[in-house]
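Chemist: test case, fold it:
(one chain, ligands or ions: 1)
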Amino acid sequence: MAASSPTSPTPSAPATPFSTVIRTASHEQHTEAENSSFMSDLLGGRLGVTAYRRYTEQLWFVYRALEGASEALADNPVAGPFIRPELARTAELERDLAHLGGSAWRDGLEPLPATAAYADRVAACARDWPAGYVAHHYTRYLGDLSGGQIIRGTAEKAWGFARKGDGVRFYVFEDIANPAAFKREYRTLLDALPVDDLEKQRVVDECKRAFRLNSAVFRELGEQFPLSA
Ligand code: HEM
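Modeler: Numbers count the residues shown, from 1 in each chain. Here you go, the predicted model:
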């Protein structure tokens, strides 16, 4: 009976690390985003550089929302530890876009409706819900450090960008010498997220939402760049 006595509780299995929970929970959404027809066509080399440019423009709106909040959240106990200058992508996106669209790339540039909705959600989390912001931070930056590298390789080959040069700088993290080690550290931060279990579940849900928001952008891009049969 010792095991059920209040003074010696039954030893429970160690909890699954939160980084594993969030990765596993979003696996299905990841596969969906990865297999969207726009992404498949882009990575299959079936689309022109204009499609790549449009996609890069959408990313710029999303990263402006993510990184526009960096300063305000830097000292936040939940989101602050994730904000690292070596991750920042807005300047790289701007260099890529100047390469792709010339110096006037920003003139008249509007987000797709799905992109505007995505950026608005990121901005709302940044403003009102730091743990939700972490879900968006994770979904973008850990993805960029992983599958993003596949996209870079394809883009270099398909559209002739210099290796790690203008056009694909978004995918190049100059100040992260060892991405695998960086990702390990990032997962350690996720595991230590200072929120309770209910809030962690909400973060997982927000991560799934972040994937859905990405898929919606791919859908709208796919409508703009259908493969003419
Ligand atoms: C064609 C597009 C994509 C490819 C080829 C791709 C590929 C990959 C690969 C190979 C990994 C590494 C898995 C691992 O380390 O075990 C990864 C991880 C990840 N990807 Fe993607 N991905 C794509 C699209 C996306 C999109 C659209 C998002 C969301 C915006 C995303 C978010 C993530 C995240 C958050 C991780 C880290 C998972 C973790 O280790 O916790 N990926 N991706």
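
Chemist: need the residues of the chain near the ligand, please.
Modeler: Contact residues, the chain versus the ligand (C-beta under 6 Å from any ligand atom): 23, 30, 33-34, 39, 43, 138-140, 142-143, 146-147, 150, 211, 214. Every C-beta, even on glycine, is put in place using the N, C-alpha and C of the backbone.

Chemist: which of those are buried?
Modeler: Listed as buried from the residues of the chain next to the ligand are 23, 30, 33-34, 39, 43, 138-140, 142-143, 147, 211, 214; burial here means 16 or more other C-beta atoms under 10 Å.

Chemist: in the residues of the chain next to the ligand, find the pair that's most separated.
Modeler: L43 and Y138 (22.3 Å; C-beta to C-beta).

Chemist: tell me the one among the buried ones among the residues of the chain next to the ligand nearest to E156.
Modeler: For those, the nearest to E156 is L43 (12.2 Å; C-beta to C-beta).

Chemist: give the full set of residues in contact with that closest one.
Modeler: 150-151, 154 (C-beta atoms under 8 Å, 6 or more residues apart in numbering).

Chemist: mind listing what whichever residue of the chain sits closest to the ligand touches?
Modeler: Closest contact between the chain and the ligand, by C-beta to the nearest ligand atom, is at G147 (2.1 Å). For G147, the contacting residues are E34, by C-beta under 8 Å, 6+ apart.

Chemist: thinking again about what came up before, let me have the buried ones among the residues of the chain next to the ligand in CSV, extended by distance to S12, secondary structure and pLDDT.
Modeler: Converted to CSV, those look like this (distance: C-beta to C-beta, whole Å; DSSP: H, G, I helix; E, B strand; the rest coil; pLDDT from 0 to 100):
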residue, distance to S12, secondary structure, pLDDT
R23, 22, helix, 98
H30, 29, helix, 96
A33, 35, helix, 93
E34, 35, helix, 92
M39, 41, helix, 95
L43, 43, helix, 92
Y138, 27, helix, 98
T139, 30, helix, 98
R140, 34, helix, 98
L142, 29, helix, 97
G143, 33, helix, 95
G147, 35, coil, 87
F211, 31, helix, 98
N214, 36, helix, 98
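
Chemist: so which residues of the protein form helices?
Modeler: Taking DSSP state H as the criterion, the chain carries its helices at 18-25, 27-34, 37-43, 49-68, 70-73, 90-101, 113-128, 130-137, 143-144, 148-159, 179-191, 197-224.

Chemist: low-confidence bits of the protein, can you list those?
Modeler: Applying pLDDT under 70 to the chain flags the ranges 1-11, 228-229.

Chemist: most centrally placed residue in it?
Modeler: R140 (0.8 Å; C-alpha atoms, centre = their mean).

Chemist: apart from its chain neighbours, what residue comes closest to that one?
Modeler: Spatially, and ignoring its direct neighbours in sequence, R140 is nearest to L66 (6.3 Å; C-beta to C-beta, 6 or more residues apart in numbering).
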